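Student: Sharing a model that was predicted from the sequence below.
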Amino acid sequence: MRLKTFHAPTMNEAMQLIREQLGPDAIIVATHNDDAGRGVRVTAAMEEIETEETTHSFDTIDVVCEALDQHQTAPDLSERLINIASELSETDPVLSLAAALDDTFKFAPLPDHGPAKPLVFIGPPGVGKTVCVAKLAARALLAGHKAHMITIDTVRAGAIEQLGVYADRLGLSLTTSAQGASLASLVKAGPKDALILVDTPGANPYDPGDIKILAHQIDTIDCETILVMDAGRNAVEAIDIVRAFRDLKPSRLLITGLDLVKRLGGMLALSEASGLPFCGVSPSPAIADGLHSINPVSLARLLMPQTGKDQHRGDRADATRTV
């Protein structure tokens, strides 16, 4: 039995899609009304004969569907992931979802040592860029490498002092643009064999002036920009924000605030809309929690429903420890 899932605004429209794509002999396996009012989801099959293997397959897909629904994943994306998972014979929901995620998203962990291009962390205000800079610096130190931190955030009150405290605790140097120095001169003066990490002021994605000012500062150096976003955005807003930062040419996506949300559909929408690979997640503001690299399996674990019904559905903190 080959399963396929359809999203549509109404049941009649879903049935029409099923007849067009699977033919009149397709059978309806399950129907679900979207709790967020985004229509219906119908799972259909191409054969009437059901075996133990197909029963297991449906059970697996049902768990995947539940996970994606719980996280309010955008219907088109959810349908695509479910249909990829449906093509597999995998009976483990985590691995089934992981395979679909691997086929849909890209993953690119951040480096933890130099020499490399300076990493410039950008994003809206309050998403945790400063903490991410400190966490990556700590990770480099723990791996036996050198790191150097720079901040050009002279806008937020206490921003320089905050990163200065982190630098002192880590035993690292910190340079700032507080005295009018350009980012290019700060990078040039930094150690050549260290991982250069640059903190920036939060930019309002709905204010073109903010984006333009930040772009002018960043364009003075050869660097890699990392877009930092918190996980709690709804999918539509997340897409608007990531599009606003396109002019800054981010190359990877770093997600923060996992401890403050239960639904991660916006996080998936961010990566899909931008085409940016996931480079890591920050499970909490605590420096000791570190930055975790992420891969398809660890992302699937984060997305599993927290109902306790399935052996793969654990506490969010446990899931991030395996990232």
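Tutor: Perfect, thanks for sending it.
Student: what about the protein, any weak spots by pLDDT?
Tutor: The model of the chain has pLDDT under 70 over residues 1-3, 29-30, 34-38, 45-57, 305-323.
Student: which residues in it form helices?
Tutor: Secondary structure of the chain (DSSP state H): helices at 11-22, 52-70, 75-86, 93-104, 129-142, 159-170, 183-189, 208-218, 235-244, 265-274, 296-303, 316-321.
Student: do you know which of those lies nearest Pro250?
Tutor: Checking those against Pro250 by CB to CB gives helix 265-274 as the closest, at 7.4 Å. (Each C-beta comes from the backbone N, C-alpha and C, glycine too.)
Student: helices and strands around the closest one, which ones?
Tutor: Applying 3 or more CB pairs under 8 Å, 6 or more residues apart in numbering; DSSP states H and E, we find helix 265-274 packed against helix 75-86, strand 224-230, helix 235-244, strand 250-256.
Student: and these as JSON lines, adding mean neighbour count?
Tutor: Converted to JSON lines, these look like this (neighbours: other CB atoms under 10 Å):
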{"stretch": "helix 75-86", "mean neighbour count": "21"}
{"stretch": "strand 224-230", "mean neighbour count": "24"}
{"stretch": "helix 235-244", "mean neighbour count": "18"}
{"stretch": "strand 250-256", "mean neighbour count": "24"}
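Student: In CSV, list the ones you listed along with distance to Leu172.
Tutor: Formatted as CSV, those follow (distance: least, CB to CB, whole Å):
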stretch, distance to Leu172
helix 75-86, 40
strand 224-230, 19
helix 235-244, 30
strand 250-256, 20
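Student: Quick one, which of the ones you listed gets closest to Asp153.
Tutor: Asp153 lies closest to strand 224-230 among the helices and strands packed on helix 265-274, at 12.7 Å (CB to CB).
Student: contacts for the closest one?
Tutor: With contacts defined as CB atoms under 8 Å, 6 or more residues apart in numbering, strand 224-230 is touched by 110, 116-124, 126-129, 132, 218, 238, 241-242, 245, 248-257, 260-261, 267, 270, 274, 276, 279.
Student: rewinding a little: out of the helices of the chain, nearest to Ile196?
Tutor: helix 183-189 (6.1 Å).
Student: What number of residues are in the vicinity of Gly171?
Tutor: Neighbourhood size, Gly171 [other CB atoms under 10 Å]: 7.
Student: ignore the last one, Val131
Tutor: 23.
Student: try Ala67
Tutor: Ala67 - counted by other CB under 10 Å - has 27 other residues nearby.
Student: Surely it touches Leu302?
Tutor: No. Using CB atoms under 8 Å, Ala67 makes no contact with Leu302, being 9.6 Å away.
Student: picking that back up, now the buried members of the contacts of strand 224-230.
Tutor: Buried by 16 or more other CB atoms under 10 Å: 110, 117-124, 127-129, 132, 218, 238, 241-242, 245, 248, 250, 252-257, 261, 267, 270, 274, 276, 279, out of those.
Student: give me every residue that touches the nearest residue to His148 once chain neighbours are set aside.
Tutor: Leaving aside its sequence neighbours, His148 sits nearest to Ala194 (CB to CB, 6 or more residues apart in numbering; 4.3 Å). By CB under 8 Å, 6+ apart, Ala194 lies in contact with Gly114, His145, Lys146, Ala147, His148.
Student: For Ala215, give me its contacts.
Tutor: Asp247, Leu248.
Student: Return the distance of it relative to Pro9.
Tutor: 40 Å (CB to CB, to the nearest Å).
Student: for the residue nearest to Gly128 when sequence neighbours are not counted, which residues make a bridge with it?
Tutor: Counting by CB to CB, 6+ apart, Gly128 lies nearest to Thr256, which is 4.1 Å off, once chain neighbours are set aside. Under the criterion DSSP bridges, Thr256 forms beta bridges with Asp230.
Student: Tell me who's in contact with Thr256.
Tutor: Contacts of Thr256 by CB under 8 Å, 6+ apart are Val127, Gly128, Val131, Cys132, Val228, Met229, Asp230, Ala231, Val281, Ser282.
Student: let's see 10 Å
Tutor: 123, 126-129, 131-132, 135, 228-232, 280-285, 291 (CB atoms under 10 Å, 6 or more residues apart in numbering).
Student: same deal with Ser173?
Tutor: So Ser173 contacts Lys146, Ala147, His148, Met149, Ile150, Ala167, Gly190, Pro191, Ala194 (CB under 10 Å, 6+ apart).
Student: hmm, which of these are the buried ones?
Tutor: Lys146, Ala147, His148, Met149, Ile150, Ala167, Gly190, Ala194.
Student: which ones are touching Ile152?
Tutor: 120, 159-160, 175-178, 181-183, 186, 198-201, 214, 217-218.
Student: ok, it to Val133 distance?
Tutor: 12 Å.
Student: which residues are common contacts for these two?
Tutor: If you check Ile152 and Val133 against CB under 10 Å, 6+ apart, the residues they both contact are Val120, Val198, Asp199, Thr200.
Student: Give me the distance from stretch 284-291 to the chain's centre.
Tutor: On the basis of CA atoms, centre = their mean, to the nearest Å, stretch 284-291 sits 17 Å off its chain's mean C-alpha point.
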